[in-house]
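Student: When you get a sec, could you give me coordinates for this:
(one chain, ligands or ions: 1)
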Amino acid sequence: MSVPLATEHLCAGYDKHQVIHDVTLTIPAQKTTIIVGANGSGKSTLLHTLARLNPIQSGKVFLEGTDLSQRKRRDVAKRMSFLAQSSPIPDNISVSALVARGRYPWQSLLYQWSQQDENAVNEALQVTGLIAFKDHPVATLSGGQRQRCWIAMTLAQQTPILLLDEPTTYLDLRYQVDILTLLQTLTQQHNKTVVMVLHDLNFALHFADKLLFVKDGKVIAQLDDANDCSAALIEETFGVRTHLVTDPHTHKPIVVPHWSADES
Ligand SMILES: Nc1ncnc2c1ncn2[C@@H]1O[C@H](COP(=O)(O)OP(=O)(O)OP(=O)(O)O)[C@@H](O)[C@H]1O
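Tutor: Next up, the predicted model:
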């Protein structure tokens, strides 16, 4: 099985401003990789660069063992989908029409809308709990429901690799758990590879098979086991003092911030 995504000495950013510095990493196949780090540390820039939405300044990104920059656009879109932090909603678009946009790499002049496209859209609506809203205009939905539409669109693309930038933004606790569980099911039962940025450290520690800690544009730790996370690493990454306790059910760590200077 080839490595879905990897970087070698990757440097990336905006014009002359370098944000990502010399990052070498591998994304494991059919697992969930979660990128964590402070605001402005470069998580989104890294994810965008993996998705080829940001130019590489130096170094390389490899998609399934081949140089990403050499792959054709449509070919990349069949292998890898990307959910941005926020996107403008097209005017008057319905939920099912937005989700159907996820099918774009599979369409061509010769190959128009098919039963397979219809099934992919319905399945994506089903798993995100949106069937009842399929004919509603997206603009009339709540922030959380809209977010589920975007996730459904990403799922409808039916790619083996999914990159998601903070997919649980706006979601209440139930849908945060539901969406992260759904993404976990995709890796465990449907052979998908998921890479996402997540702000909630406890969800990250629970759901990640691999954790990437980003600080000042560098990946300062790549953990294959959440139990290798330490309060020292969290303090280095976020500048916050914490202690870790073990969840008695999952045996995974839970991060508890030190609420006052008295806690040492
Ligand atoms: N389009 C852009 N043009 C120029 N600079 C940008 C752009 N997007 C981000 N940056 C800069 O790159 C740096 C990293 O930003 P990035 O969005 O990657 O961080 P992040 O870790 O995802 O932050 P957050 O947690 O707040 O979403 C910041 O200094 C930011 O100002």
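Student: The ligand contacts on this protein?
Tutor: 14, 17, 19, 37, 39-45 (Cβ under 6 Å from any ligand atom). For glycine as for every other residue, the C-beta is placed from the backbone atoms N, C-alpha and C.
Student: Now a PyMOL select for only the buried ones of these.
Tutor: Applying 16 or more other Cβ atoms under 10 Å to these leaves a buried subset, and the PyMOL line that selects it is:
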select buried, resi 19+37+41+42+43+44+45
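Student: Looking at the residues of the chain next to the ligand, which are in helices?
Tutor: 43-45 (DSSP state H).
Student: would you list these in JSON lines and tack on pLDDT?
Tutor: Shown next, in JSON lines, are those (pLDDT from 0 to 100):
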{"residue": "Lys43", "pLDDT": "98"}
{"residue": "Ser44", "pLDDT": "97"}
{"residue": "Thr45", "pLDDT": "97"}
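Student: want to try TSV for these, with distance to Gln222 as columns?
Tutor: Shown next, in TSV, are those (distance: Cβ to Cβ, whole Å):
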residue	distance to Gln222
Lys43	14
Ser44	18
Thr45	18
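Student: tell me which of these is nearest to Ala226?
Tutor: Of all those, Lys43 has the smallest distance to Ala226: 17.8 Å, by Cβ to Cβ.
Student: can you put the residues of the chain next to the ligand in JSON lines and add distance to Pro160?
Tutor: Shown next, in JSON lines, are those (distance: Cβ to Cβ, whole Å):
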{"residue": "Tyr14", "distance to Pro160": "29"}
{"residue": "His17", "distance to Pro160": "33"}
{"residue": "Val19", "distance to Pro160": "27"}
{"residue": "Gly37", "distance to Pro160": "26"}
{"residue": "Asn39", "distance to Pro160": "31"}
{"residue": "Gly40", "distance to Pro160": "31"}
{"residue": "Ser41", "distance to Pro160": "28"}
{"residue": "Gly42", "distance to Pro160": "26"}
{"residue": "Lys43", "distance to Pro160": "22"}
{"residue": "Ser44", "distance to Pro160": "22"}
{"residue": "Thr45", "distance to Pro160": "24"}
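Student: Return the biggest helix by length in the chain as PDB; C-alpha atoms alone will do.
Tutor: Determined from DSSP H, the single longest helix within the chain is helix 173-189. C-alpha atoms of helix 173-189 as PDB (Å, rounded to 0.1, in the frame of the first residue of the first chain):
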ATOM      1  CA  LEU A 173     -21.600  18.600  20.800                       C
ATOM      2  CA  ARG A 174     -23.800  15.900  19.300                       C
ATOM      3  CA  TYR A 175     -22.800  16.700  15.700                       C
ATOM      4  CA  GLN A 176     -19.100  17.200  16.700                       C
ATOM      5  CA  VAL A 177     -19.200  13.600  18.000                       C
ATOM      6  CA  ASP A 178     -21.300  12.400  15.100                       C
ATOM      7  CA  ILE A 179     -19.100  13.900  12.400                       C
ATOM      8  CA  LEU A 180     -15.800  12.800  14.000                       C
ATOM      9  CA  THR A 181     -17.300   9.300  14.500                       C
ATOM     10  CA  LEU A 182     -18.400   9.200  10.900                       C
ATOM     11  CA  LEU A 183     -14.900  10.200   9.700                       C
ATOM     12  CA  GLN A 184     -13.500   7.500  12.000                       C
ATOM     13  CA  THR A 185     -15.900   5.000  10.400                       C
ATOM     14  CA  LEU A 186     -14.800   6.000   7.000                       C
ATOM     15  CA  THR A 187     -11.200   5.200   7.900                       C
ATOM     16  CA  GLN A 188     -11.900   2.000   9.800                       C
ATOM     17  CA  GLN A 189     -14.600   0.500   7.500                       C
END
